[in-house]
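Visitor: Provided below for reference: sequence and predicted model.
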Amino acid sequence: MAYRDLREWLTQVSELGELKTVEGADWDLEIGAIIEMARKESQIAPCLLFDSIKGFAKGLRLVAGQLNSIKRVALTCGMPTDMATMDLVAAMRKKIKEMKPIPPREVKDGPFMENVWEEKDVDVLRFPTPRYNIGDGGRYIGTGHLTITRDPEEGWLNIGTYRVMIHDSKSVGLYISPGRHARIQMEKYFAQNRPMPVALSLGHDPLLFMASAFEVPYGLSEYDFAGGLKGAPIDVVKLARTGLQVPATAEVVIEGECLPGD
Ligand SMILES: Cc1cc2nc3c(=O)[nH]c(=O)nc-3n(C[C@H](O)[C@H](O)[C@H](O)COP(=O)(O)O)c2cc1C
């Protein structure tokens with residue numbers, strides 16, 4: 001059944017019997033270990049919903065392993081959840097081959113705009129962000145997120161998943177590998193000594209995460225690609241400062257810029 005946002009998606013995953021809530025885990029290494037164990041130890045890795053994370057209020061939740069099962073991939077792609085794996089693969093190949101991209105639809109606002117922190121009030125440490133592994137350089141706030149950037153010459157929006165680590169309460173850093181589309185865009189901005197505006201979406205329709213990690217051709221926005229997969233435009237909100245469009249049903253949005261030489 002079609003779902004409207006991540007919250008409805010979670011309800012449907014729960015109805016499929018694939019959602020497991022974990023209360024009271026520690027953001028420092030414990031969440032990372034639980035995710036790894038859940039993935040390795042069960043035949044169908046559950047979707048994990050962490051709540052009441054140590055040191056954080058109940059309701060500041062973290063979801064992990066969203067697409068680690070065939071049923072959840074099918075749900076996300078609008079396919080019947082009882083499909084056999086190879087039938088789903090065949091159906092998806094056909095869909096991707098035949099679908100036409102659909103541009104996003106701009107709407108006025110989204111729930112994330114009810115709480116806006118700017119300038120001195122910005123504090124990304126208010127979110128329960130895990131340090132996943134012992135060797136990590138810090139706490140990764142972006143792993144299943146969307147990085148939204150605009151091509152400075154052509155104007156289209158790219159969406160990619162490029163890891164985001166917290167540096168301090170007011171700054172985060174991205175790692176974008178050479179050749180990735182946002183890296184090409186960033187190099188264009190930096191060649192002109194201009195900062196690159198960036199928006200990050202944390203918590204959204206898992207279809208967008210799937211699209212953001214999909215290697216679509218340079219020049220095709222993953223919003224259009226995801227709209228094509230969904231068969232309907234993705235609702236987006238235009239941010240006031242950067243003019244970048246983010247999913248209207250995003251849970252959390254971070255708006256900022258990457259600076260040349262930094
Ligand atoms: C969970 C996850 C994490 C990823 N992390 C990174 C990353 O840190 N840096 C990176 O360059 N690519 C990363 N990728 C791969 C890119 O998201 C992927 O290649 C995507 O297609 C890039 O988009 P683009 O083709 O628009 O550049 C990651 C993918 C996934 C699924």
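Guide: Happy to help now that I have it.

Visitor: how many neighbours does Ile34 have?
Guide: Number of residues near Ile34 (other CB atoms under 10 Å) recorded here: 19. Where C-beta positions appear, they are placed from N, C-alpha and C, glycine not excepted.

Visitor: part of a helix, is it?
Guide: Yes - judged by DSSP: H, G, I helix; E, B strand; the rest coil, Ile34 forms part of a helix.

Visitor: contacting residues around it?
Guide: Each residue near Ile34 by CB atoms under 8 Å, 6 or more residues apart in numbering is listed here: 22, 25, 48, 50.

Visitor: out of these, which is most surrounded?
Guide: So for the contacts of Ile34 (other CB under 10 Å), the most neighbours sit at Phe50, 26 neighbours.

Visitor: so for Ala232, what's the nearest residue that isn't a sequence neighbour?
Guide: Ile102 (6.8 Å; CB to CB, 6 or more residues apart in numbering).

Visitor: re earlier: and which of the contacts of Ile34 is nearest Thr85?
Guide: Leu48 (21.8 Å; CB to CB).

Visitor: helix, strand, or coil at that closest one?
Guide: strand.

Visitor: skip the chain neighbours and tell me the closest residue to it.
Guide: Ala64 (4.6 Å).

Visitor: I'd like the distance between Val216 and Asn68.
Guide: Plainly put, Val216 is 23 Å away from Asn68 if you go by CB to CB, to the nearest Å.

Visitor: re the thing from before, state the number of residues packed around the residue nearest to Leu48.
Guide: For Ala64, using other CB under 10 Å, the count is 22.

Visitor: residues contacting it?
Guide: 31, 35, 47-48, 50, 144.

Visitor: before we move on, what about Ala2?
Guide: By CB under 8 Å, 6+ apart, the neighbours of Ala2 are Gly78.

Visitor: repeat for Thr143
Guide: Contacts of Thr143 (CB under 8 Å, 6+ apart): 132, 161, 163-164.

Visitor: what's the end-to-end length of stretch 11-30?
Guide: With CA to CA, to the nearest Å as the measure, stretch 11-30 spans 25 Å from end to end.

Visitor: in it, what counts as buried?
Guide: Of all the residues in stretch 11-30, those buried under the rule 16 or more other CB atoms under 10 Å are 12-13, 16, 18-20, 22, 25-27, 30.

Visitor: adding secondary structure, pLDDT and distance to the ligand, write those residues out as CSV.
Guide: Converted to CSV, the buried residues of stretch 11-30 look like this (DSSP: H, G, I helix; E, B strand; the rest coil; pLDDT from 0 to 100; distance: CB to the nearest ligand atom, whole Å):
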residue, secondary structure, pLDDT, distance to the ligand
Gln12, helix, 98, 22
Val13, helix, 98, 18
Leu16, coil, 97, 22
Glu18, coil, 97, 19
Leu19, strand, 97, 20
Lys20, strand, 97, 20
Val22, strand, 98, 20
Ala25, coil, 98, 20
Asp26, coil, 98, 22
Trp27, coil, 98, 18
Glu30, helix, 98, 20
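
Visitor: nearest to Leu75 among these?
Guide: Among the buried residues of stretch 11-30, and counting by CB to CB, the member closest to Leu75 is Gln12, at 6.0 Å.

Visitor: didn't the closest one look like it was pressed against Thr76?
Guide: No - contact criterion CB atoms under 8 Å: Gln12 and Thr76 do not qualify, at 9.9 Å.

Visitor: tell me the average confidence for stretch 97-114?
Guide: Stretch 97-114 shows a mean pLDDT of 97.

Visitor: in that stretch, what's buried?
Guide: Neighbour-count burial for stretch 97-114 [16+ other CB under 10 Å]: 102, 104, 110, 112.
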